[in-house]
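Novice: predicted model follows, preceded by the sequence.
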Amino acid sequence: GEVFVSGSSTVEPISIRVGELAGEMSGGDLKVTVEGPGTGDGFAKFCAGETDISDASRPIDEEEIAACEESGIEYVELEVAIDGLTVATNPANEAITCLDIPGLYALFGPESEGFENWSDASELATEVGSAYAEDFPDAPLDISGPGEESGTYDTFVEFAIEGVAEEQGLPEEEWVTRADYSASANDNLIVQGIEGSESSLGWVGYAFYVNEQEAMKGIEIDAGEGCVAPTTETISDGTYPFSRSLYIYVNKAKAEENPAVASYVDLYLSEEGLATVAEAGYVDLPAERVTATQEAWAGR
């Protein structure tokens, strides 16, 4: 049987590993195709009935829920892993080790369009209340990150931009990042961008940072409780401010009709399947959340 998975490029490495496992265990009878165009694009396909499973780095939103309802698609939401959205720079950028939310807003936000040097953002950072504005070096501000189709983009806006934009009195449609940065749906290209400039800045999922720690420096985040680095421990216990859940959404009817879909998800939520989470560089769910996910699947 065949299974078609699309959606988040963050969840993609986990789904691919489980797919490979499924292929091995079925002697090649189970074929899993996984794409990673981004969470939003994935839900568009899923709610049009084009895929069996949607990988997501954020929960499904109201418009997507409505689109699925309109197509008569019922689904089950399954939390599979924890990720820490990681803000990173080049190790050569010694001036920056920690940033707070106002500082991130001043570098990445809608009011920072046109800032080409870190120091260009210092005045805005001070204005919005950053304690780190004086750390910003006199160096080119080369930004790489995901595009708007990405759940990693949406989550970053929610964590780093929305609160300050609202305080600044901006209308809701302007609660976005600056548009003038190097945007890509491919996480590996974002990583290359961060590694390619000595004064770079960007954001990726934790796994893409963990695999590149030699060439990338993770910036600690201060959300009011002091600077916290992204590590397996801080992401797992939630002390890292940019922790988020990763999900798969399964089309219930397709899981009924196609035994391959059900056996793929069974494997995903088994001990062997969930072992791929850490292998892919993400953080395991605590035991009680694994149980909740398994019960949600069993109770579909």
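Specialist: Perfect, thanks for sending it.
Novice: quick check: closest non-adjacent residue to the residue nearest the centre of the chain.
Specialist: For the chain, the residue nearest the mean C-alpha position is T152 (3.5 Å; Cα atoms, centre = their mean). Closest residue to T152 apart from its sequence neighbours, by Cβ to Cβ, 6 or more residues apart in numbering: P146 at 4.6 Å. For every residue, glycine as well, the C-beta is placed using N, CA and C.
Novice: partners of that neighbour in the sheet?
Specialist: With DSSP bridges as the criterion, P146 is bridged to S184.
Novice: pretty sure it contacts N188?
Specialist: No: taking contacts as Cβ atoms under 8 Å, P146 lies outside contact range of N188: 11.7 Å.
Novice: more neighbours: those two, which one.
Specialist: Per other Cβ atoms under 10 Å, whichever of P146 and N188 has more neighbours is P146, with 29 against 13.
Novice: how much space separates that one from S57?
Specialist: Distance, P146 to S57, using Cβ to Cβ, to the nearest Å: 10 Å.
Novice: got any residues that touch both of those two?
Specialist: T152 (Cβ atoms under 8 Å, 6 or more residues apart in numbering).
Novice: can you tell me how far N117 is from D142?
Specialist: From N117 to D142 the distance is 10 Å (Cβ to Cβ).
Novice: same question, F156
Specialist: For F156, the distance to D142 - Cβ to Cβ - is 17 Å.
Novice: so the two - more neighbours on which side?
Specialist: Set side by side, F156 and D142 show unequal neighbour counts under other Cβ under 10 Å, the larger going to F156 at 23 against 20.
Novice: could you look up the SS state of the more buried one?
Specialist: helix (DSSP: H, G, I helix; E, B strand; the rest coil).
Novice: now do the contacts for it.
Specialist: F156 touches L85, F108, G145, P146, T177, W203, F242, counting by Cβ under 8 Å, 6+ apart.
Novice: do I194 as well
Specialist: I194 neighbours (Cβ under 8 Å, 6+ apart): A88, T89, N90, S144, S200, L201, G202, V204, M216.
Novice: got a pLDDT number for the third one?
Specialist: For N90, the model assigns a pLDDT of 98.
Novice: confirm for me that it is in contact with Q192.
Specialist: No: assessed by Cβ under 8 Å, N90 is found out of contact with Q192, at 11.5 Å.
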